[in-house]
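1. fold the following for me, if possible:
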Amino acid sequence: MTSFVYFVVSILVMYLHDTSGAPNGTIDQSSMSIEQRVTVLERTIHGQTQNQQLVDCVMNVSSDYIGTVKCARAIITAGLSFGRQVMFFAQLNHHLSNVAVEQVIVFENVVTNVGNCYSGHTGVFTCCKSGTYFFSWIIELPTGIQVNTELMVNSSSIALNRAGDAYKNSIGSMSAVIHLDIGDEVRIRIQFRTPASSHIRGEKISSFSGFLIQ
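-> Residues are numbered from 1 along each chain as shown. Okay, the predicted model is just below:
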């Protein structure tokens, strides 16, 4: 076993030691309802499953460098995300002109980014802690334009937001509650637009936000 693998194992040991001291292991359940006890049990099982996956990762590491790096990444990410709060709010400052189908909207003015999981350079939220998330986005359009936007999780379309009016400025909004695993990527992209020269108004009205529920 190389020195790098020893380094990986030491990180795993520290991570497991930290998680083993989590409050769920010392909660007095005598005064809890059945529903509360089930919730605690589910969280405990989930934590044990994640720990076992990390143990298997290290135990099965071979001399293959790429496999070792992937294993180390998984352990470090899990350690950094333990107990982390996650929330973000970003706005579109400038107008987007001649938007194209499947174009990702980059909400570049990042107001809040607790957990540092959203990128104002790419417009992508990368899940840094597994759990259930709430996402919401608002799109403003000028008169005579219709634009549909969609919430993408990796390569899957999860929710659709329609905005457009022939006679006045239009604002469309949509929200979604979804479960994410570490590494999942969430973005807002153009699903449909007419005419081809459509543009989206910025001025801090169009926005994208999300936060970890549990």
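
2. where exactly do the strands run in this protein?
-> In the chain, the strands defined using DSSP state E lie at 87-91, 109-114, 125-126, 131-141, 145-153, 156-165, 170-180, 185-194, 207-212.

3. mind listing the strands the last one pairs with, and their directions?
-> According to DSSP bridges, strand 207-212 forms sheet pairs with strand 87-91 (antiparallel), strand 131-141 (antiparallel).

4. switch those strands over to CSV; also include distance to Val114 and mean neighbour count.
-> For the C-beta atoms, the positions are set from N, CA and C on the backbone; glycine is no exception. Output for the strands paired with strand 207-212, formatted as CSV (distance: least, C-beta to C-beta, whole Å; neighbours: other C-beta atoms under 10 Å):
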stretch, distance to Val114, mean neighbour count
strand 87-91, 5, 20
strand 131-141, 13, 20
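
5. can you redo these as a markdown table with mean pLDDT?
-> Output for these, formatted as a markdown table (pLDDT from 0 to 100):
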| stretch | mean pLDDT |
| --- | --- |
| strand 87-91 | 93 |
| strand 131-141 | 92 |
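
6. want to throw those strands into JSON lines with distance to Ser209?
-> As requested, the strands paired with strand 207-212 are exported to JSON lines (distance: least, C-beta to C-beta, whole Å):
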{"stretch": "strand 87-91", "distance to Ser209": "4"}
{"stretch": "strand 131-141", "distance to Ser209": "5"}
